[in-house]
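A.B. asks: Turn this into a model:
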Amino acid sequence: MGVTIKSMIKRPVYTKQLEAFVNKPQIKIITGIRRSGKSTVLRLLKEDLLSSGISENQIIAVNFESFAFAEIKTAQKLYGYIKERIKPEARTYLLLDEIQEVEGWEKVINSFLVDFDADIYITGSNSHLLSSDLATYLAGRYVQISVYTLSYREFLSFREKYSPDDQQLNTFEHYLRTGGFPVIHAASYDTESAYKVVHDIYASVILRDTMQRYKIRDVELLERVVRYAFDNIGNTFSGKNVADYFKNQQRSVDINTIYNYLYALEGAFILFRVPRYDIKGKEILKTQEKFYAGDISLIYANMGFRDRMISGILENIVFLELKRQGYQVYIGKLDNREIDFIAEKQGRKIYIQVAWKLESAQTVDREFSPLLSISDQYPKYVVSMDNFWKDSIEGVEHMYITDFLLRGI
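C.D. replies: Predicted coordinates for the structure are as follows:
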């Protein structure tokens, strides 16, 4: 049974972004990995529209993954369906979920803008919805809102609603072990069951949003590319590194194939690519990027939980939080040293190092010294799982990871 509107948990990070564009001429495009909560955000929007006085018959909601709409798979059929239901005497609000299931959807959305008084909201499970085709038909007339799996703050809200007395499941350690897919935290799953649920989500994404969309036939090679990326979370690598790895495994793979697979995995939000930025040269570098998972649970569902990966996992959590907060994120290069993240938003910048534990003087020096070498006055943080040591060094602030995740930067 689906979640009813009354029982849904608010996700104000996204609904506030949408509210700013209600009745504005832009098409609102909501993107994110499957099961991250895009459909829920649309239902919350519908609730808000009804509360504001919009009547039910002014809202047309279609979920293209529902069997009820299985026949609407072309632009022509969608146009006919909407045209029959439009009320010409009042503005219509179109809420179209998983629009990529409709062939030629860009053209029909453009027609809705031209032909009707419509406020349009669409969701899609592929970052490449904003492709050249879309740009051609809808140039300058859309705004994108990215939905991510649950932040730590949202995770706590879910646990408070669904399992308020289960302290074992309401800790950062549980979030660290299970990730942020909402379905996991709307019930009480042990970690093994949680990973099985996430693996089923992953399999659906691989099949529908990666293999089918990008016409990939070699699923075994695709899976091996995913595992290589997951095994190197927090490490820089290139397509050539992946190809060389396969070569050492006695398998020859064309480097362009690797890049195509990585592109497809980015499109499906299984991976996020993060470029390197040369702080001294003030330029984005084209080699040795990092890739992070769309949710840390995707890693566990494929490879299990490994203690040796903890530093990379913490980086992944911090990266996703920065994205949720609207930052452009880069890896920093300063001479021969690396800064984990440079994050920029609206003209301001922050620098962040992420570590598991600052358990020796050498570790403290390794994490703080690159930040101390940066001469500008922007905020600088070292984020770790040491919750007892709170000292700052020469203006570089140390933060326990949950403080960082809950404070907002």
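
A.B. asks: If you rank every helix and strand of this structure by mean pLDDT, what lands last?
C.D. replies: Of all helical and strand segments in the chain, the minimum by mean pLDDT, DSSP states H and E falls on helix 132-138, at a mean of 64.

A.B. asks: and the helix or strand that that one is followed by, what other elements does it pack with?
C.D. replies: Heading C-terminal from helix 132-138, the first helix or strand you meet, by DSSP states H and E, is strand 142-146. Packing partners of strand 142-146 (3 or more CB pairs under 8 Å, 6 or more residues apart in numbering; DSSP states H and E): helix 12-19, strand 27-31. Where C-beta positions appear, they are placed from N, C-alpha and C, glycine not excepted.

A.B. asks: For the next helix or strand after strand 142-146, which residues meet the burial criterion?
C.D. replies: Scanning forward in sequence from strand 142-146 by DSSP H and E, the next helix or strand is helix 152-162. Within helix 152-162, the residues that count as buried by 16 or more other CB atoms under 10 Å are Tyr152, Glu154, Phe155, Leu156, Ser157, Phe158, Arg159.

A.B. asks: is it possible to export those to TSV including pLDDT and distance to Tyr214?
C.D. replies: Formatted as TSV, these follow (pLDDT from 0 to 100; distance: CB to CB, whole Å):
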residue	pLDDT	distance to Tyr214
Tyr152	97	32
Glu154	96	31
Phe155	96	32
Leu156	94	37
Ser157	94	35
Phe158	93	33
Arg159	91	37
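
A.B. asks: I'd like to know which of those is nearest to Tyr381.
C.D. replies: Distances from Tyr381 to the buried residues of helix 152-162, taken as CB to CB, are shortest for Tyr152 (16.0 Å).

A.B. asks: Next one: the closest residue to the closest one other than its chain neighbours relative to Ile339, how far apart?
C.D. replies: Distances taken as CB to CB, 6 or more residues apart in numbering put Leu405 closest to Tyr152, at 4.0 Å, once the chain neighbours are dropped. According to CB to CB, to the nearest Å, Leu405 stands 19 Å off from Ile339.

A.B. asks: Domain map for this protein?
C.D. replies: Domain assignment for the chain, taken from automatic domain parsing, gives 5-146, 306-409.

A.B. asks: For the ones you listed, could you give me JSON lines that also reports mean neighbour count and distance to Phe272?
C.D. replies: JSON lines is the format used below for the domains of the chain (neighbours: other CB atoms under 10 Å; distance: least, CB to CB, whole Å):
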{"stretch": "domain 5-146", "mean neighbour count": "17", "distance to Phe272": "9"}
{"stretch": "domain 306-409", "mean neighbour count": "17", "distance to Phe272": "7"}
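
A.B. asks: Please tabulate the ones you listed in JSON lines and include distance to Asn235 as additional columns.
C.D. replies: What follows is those, written out as JSON lines (distance: least, CB to CB, whole Å):
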{"stretch": "domain 5-146", "distance to Asn235": "22"}
{"stretch": "domain 306-409", "distance to Asn235": "7"}
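
A.B. asks: Of all those, which one is nearest Arg251?
C.D. replies: Of the domains of the chain, nearest to Arg251 by CB to CB is domain 306-409, at 23.8 Å.

A.B. asks: next one: that closest one to chain centre, how far?
C.D. replies: Taking the mean of its C-alpha atoms, domain 306-409 sits 20 Å from the chain's own mean (CA atoms, centre = their mean, to the nearest Å).
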